[in-house]
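> Predicted model, plus sequence, below.
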Amino acid sequence: MSHTFHIPVLGLGYSVDTPLKVARYGISSVISIVDDELIERMRGYHTLDSNETFTPIPKSVPDARAKRITAYLNLVHELVNRQFEKLQKEPFEPGSDITRYFELLPDSSQLKQGYELMLEYPDGERKQIFQNILRKKMTIGAIDVNIMSKVDKMNFDADGNYLGDENTDALAALRGFVNSSLHSSIILSAGMNPRLYSYLETFNEFLPDSEGHFAKRIILKVSDFRSAFIQAKFLAKKGLWVSEFRVESGLNCGGHAFATEGFLLGPILEEFKEKRAEMTAELFGLYHAALNQKGINSSMPAQRLSVQGGIGTAEENNFLMEYYQVDATGWGSPFLLVPETTNVDEQTLTQLAGATTDDFYVSEASPLGILFNNFRPNSMEQLRLERLQMNRPGSPCTKKYLVTNTEFTEQPICTASREYQNLKIKQLQSLNLPEDELQQQVDSVTEKICLCEGLCTSAYIKYDILKPKETPAVAVCPGPNLAYFNRLYTLDEMVKHIYGKLDLLDKVKRPHMFVKEIELYIDYLQTDIKGHLTTLTDKKKKQLDKFKAQLQDGIKYYKQLFTESKALVTKDYLNELFTFEDILHRLLIPCKEEVI
């Protein structure tokens, strides 16, 4: 990698074409391939924008989902290659794209150091030779793709016949990536899907060639060491190598929030640091044995470690890389305020730039039943409230990517749909519940929003391709860290901020990312306790006690880390830790008998 950071996947539409904006500068980014409808429309837009003929792939075509994804990824790959080839041929002069490429590089980069040395050369043949060497050493940023492993809807034909496991949403999306011309990574997130993981084994592209190179690589996005090891072992036994573990904070992130059992990011990274070599060795033993059975010889491949979620300053970024020995960091939500890199409509941009910490919250808005980082002013939330006022809860369900519920129907439906919410509310009303309890349960049902539409709309608005009958309501899911960034930025400003050449948060009062995560986890625990006051079981009490104990251990870990590390020792940070330690100490988890 030319850079030591990447831009993670941002919703569905926010980073769907980010590689077209940053890859030529060597910056890696991630495209979601969950929504083939969005992908097909973006392919149409960028094909026509490039003055080429667009040939649609109708949904009625066999294997349409995979073919749409392949066609779009091929287009992005081709367009990025054209951009890069054009950039490489430019002169090294102020204002040129090739100059921008090198100016954006971190000072630690050998390529950047070579560029600065070249600038000292006098004009002439030797300088031109030096410049040509630099051109050959330049690399394109990775065009990686993301699948939420468990978003894997089963699909049926017009007569209701199941189309088979290979045509579920996740497997078809994987096939679309494999068939593309990209030499990059599939990022698997949101837990293990054995059917999907087994399907990976059927593609030679994930196996090493005679030189040990992979045509396609596997990255696991994980929230703790144990789950990372379990998933990687499952794959290694099939001869599949995890090229990178991408560790993400459970709550201090954007999108869906997967709270751990009270494990905080620092202790999680410490465990990776301590056990990384041992884990890699064990994985290679399993991997090597599996490849031997396939008749393939292999040396130990590289295995990277990166971290993302809540990083906001160069100091935090540098500490993560140096102390925990990670290879790269991920910066997601701050790039929502960089219009040249992501697809955020003007209204939402204005709202995000003027937001305060109170505007960011963890919600139950996702139909998947997973906590979801939400933004109060977003127009999809306003539309949800308007529909409630009109006694029309729920959304029309057209895309059906998140259909999971079979409570009332034979085939799954979405819990954000009008159909499900009406059926569920009628059921609740028939139970003769106390008024307060009924309202509480109805509110929980109607909090769900349509993410399939809401997370795409901003891109449609930005490119003026929103269809007349489509709602302009936008859902956006930034992490709470975005609250401290308060204006729009250029790509150059954000990259300089990441590398410590510019401080975009100068004079902004902001907690350290580790401290912020503690606050989020304590809030989560308090909410969880309140939600089970009347239904507390022995099993749940044990889980809450364990959660609290893990948080207490995490705070002890940070107190020692902040005291011993010269990079972190500040009185404010330590005082905040003592404050949260006291809050947690006073947070009582009632016994089952006390609840009764």
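Sure thing, it's come through. What you are looking at is a predicted structure, and each value in this text was computed from that prediction instead of being measured. Numbering: from 1, shown residues only.
> okay, now Gln88: neighbour count?
16 (other Cβ atoms under 10 Å). For every residue, glycine as well, the C-beta is placed using N, CA and C.
> Roughly how far does it sit from His46?
Using Cβ to Cβ, to the nearest Å, Gln88 is found at 21 Å from His46.
> Now do the contacts for His46.
By Cβ atoms under 8 Å, 6 or more residues apart in numbering, His46 lies in contact with Asp17, Leu20, Leu75, Val76, Leu79.
> you'd agree the third one is in a strand?
No - going by DSSP: H, G, I helix; E, B strand; the rest coil, the assignment for Leu75 is helix, not a strand.
> hmm, back to that, adding neighbour count and pLDDT as columns, could you present the contacts of His46 in a markdown table?
Shown next, in a markdown table, are the contacts of His46 (neighbours: other Cβ atoms under 10 Å; pLDDT from 0 to 100):
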| residue | neighbour count | pLDDT |
| --- | --- | --- |
| Asp17 | 24 | 98 |
| Leu20 | 20 | 98 |
| Leu75 | 23 | 98 |
| Val76 | 26 | 98 |
| Leu79 | 20 | 98 |
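> now, which of the residues you listed sits nearest Phe177?
Distance ranking of those against Phe177, using Cβ to Cβ, places Val76 first at 11.7 Å.
> residues contacting the residue nearest to Ile555 when sequence neighbours are not counted?
Sequence neighbours aside, Glu581 is the residue nearest to Ile555 in space, at 4.9 Å (criterion: Cβ to Cβ, 6 or more residues apart in numbering). For Glu581, the contact set (Cβ under 8 Å, 6+ apart) comprises Gln552, Ile555, Lys559.
> before we move on, the earlier item: from the contacts of His46, which single one is nearest Asp209?
Of those, the one sitting nearest to Asp209 (Cβ to Cβ) turns out to be Val76, at 24.0 Å.
> I'd say that closest one and Ile33 touch.
No - contact criterion Cβ atoms under 8 Å: Val76 and Ile33 do not qualify, at 11.1 Å.
> quick one: buried residues of the longest helix seen in the chain?
In the chain, assigned by DSSP state H, the helix with the most residues is helix 265-293. Of the residues in helix 265-293, those buried under the neighbour-count criterion (16 or more other Cβ atoms under 10 Å) are 265-272, 276, 279-280, 283-284, 286-288, 290-291.
> report the angle between the axes of the helix or strand just after it and helix 265-293?
The helix or strand immediately downstream of helix 265-293 is strand 304-308, counting by DSSP states H and E. On the basis of axes from the mean of the first three to the mean of the last three Cα atoms, to 10 degrees, strand 304-308 is oriented at 150 degrees to helix 265-293.
> For strand 304-308, buried residues please.
For strand 304-308, by 16+ other Cβ under 10 Å, it's Leu305, Ser306, Val307, Gln308.
> again with stretch 113-133
Gly114, Tyr115, Met118, Phe130.
> Closest one of those to Lys509?
Using Cβ to Cβ, those come closest to Lys509 at Tyr115, 37.0 Å.
> and the closest one, which of the three is it?
helix.
> Now do the contacts for the residue lying closest to it once chain neighbours are set aside.
Counting by Cβ to Cβ, 6+ apart, Tyr115 lies nearest to Phe102, which is 4.2 Å off, once chain neighbours are set aside. Contact partners of Phe102, counting by Cβ under 8 Å, 6+ apart, are Leu111, Lys112, Tyr115, Leu134.
> Counting neighbours, which of these comes out on top?
Tyr115 leads the contacts of Phe102 on contacts (other Cβ under 10 Å) with 22 neighbours.
> I'd say it and Arg135 touch.
No - with contact defined as Cβ under 8 Å, Tyr115 does not count as touching Arg135 (10.7 Å).
> Please settle this for me: is Ile425 part of a strand?
No - Ile425: not assigned to a strand; according to three-state DSSP it is helix.
> Skipping adjacent residues, who's closest to it in space?
The nearest residue in space to Ile425 (Cβ to Cβ, 6+ apart) is Val442, at 5.8 Å.
> The one you found and Lys530: what is the separation?
18 Å.
> neighbour count winner among the two?
Val442 (18 against 9).
> Checking that one next. Helix, strand or coil?
Classified using three-state DSSP, Val442 is helix.
> before we move on, back to that, quick one: which of the contacts of Phe102 is nearest Asn297?
Leu111 (32.7 Å).
> State the number of residues packed around the residue nearest to that closest one when sequence neighbours are not counted.
In this structure, Leu111 finds its nearest non-sequential neighbour in Lys137, 5.6 Å apart by Cβ to Cβ, 6+ apart. Using other Cβ under 10 Å, Lys137 has 12 other residues around it.
> what do you get for Ile57?
Ile57: 21 neighbours (other Cβ under 10 Å).
> thought it was touching Ala64?
Yes - if you go by Cβ under 8 Å, Ile57 and Ala64 touch, sitting 5.7 Å apart.
> Please, which helix or strand holds the residue nearest to Ile555?
helix 571-586.
> Give me the buried positions along that helix.
Those buried within helix 571-586 under the rule 16+ other Cβ under 10 Å are Tyr573, Leu574, Glu576, Leu577, Phe580, Glu581, Leu584.
> Rebuild these as CSV, extending it with pLDDT and distance to Glu248.
Formatted as CSV, the buried residues of helix 571-586 follow (pLDDT from 0 to 100; distance: Cβ to Cβ, whole Å):
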residue, pLDDT, distance to Glu248
Tyr573, 84, 22
Leu574, 85, 26
Glu576, 91, 23
Leu577, 92, 22
Phe580, 94, 21
Glu581, 94, 25
Leu584, 93, 23
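> Next one: the residue nearest to Ile425 relative to Lys424, how far apart?
8 Å.
> same thing with Thr398?
Thr398 is 20 Å from Lys424, by Cβ to Cβ.
> Select the helix or strand of the protein having the lowest average pLDDT value.
Lowest on mean pLDDT, DSSP states H and E among the helices and strands of the chain sits helix 592-595, with a mean of 52.
> about what we covered before: which one of Thr398 and Lys424 has more residues nearby?
Lys424 (21 against 12).
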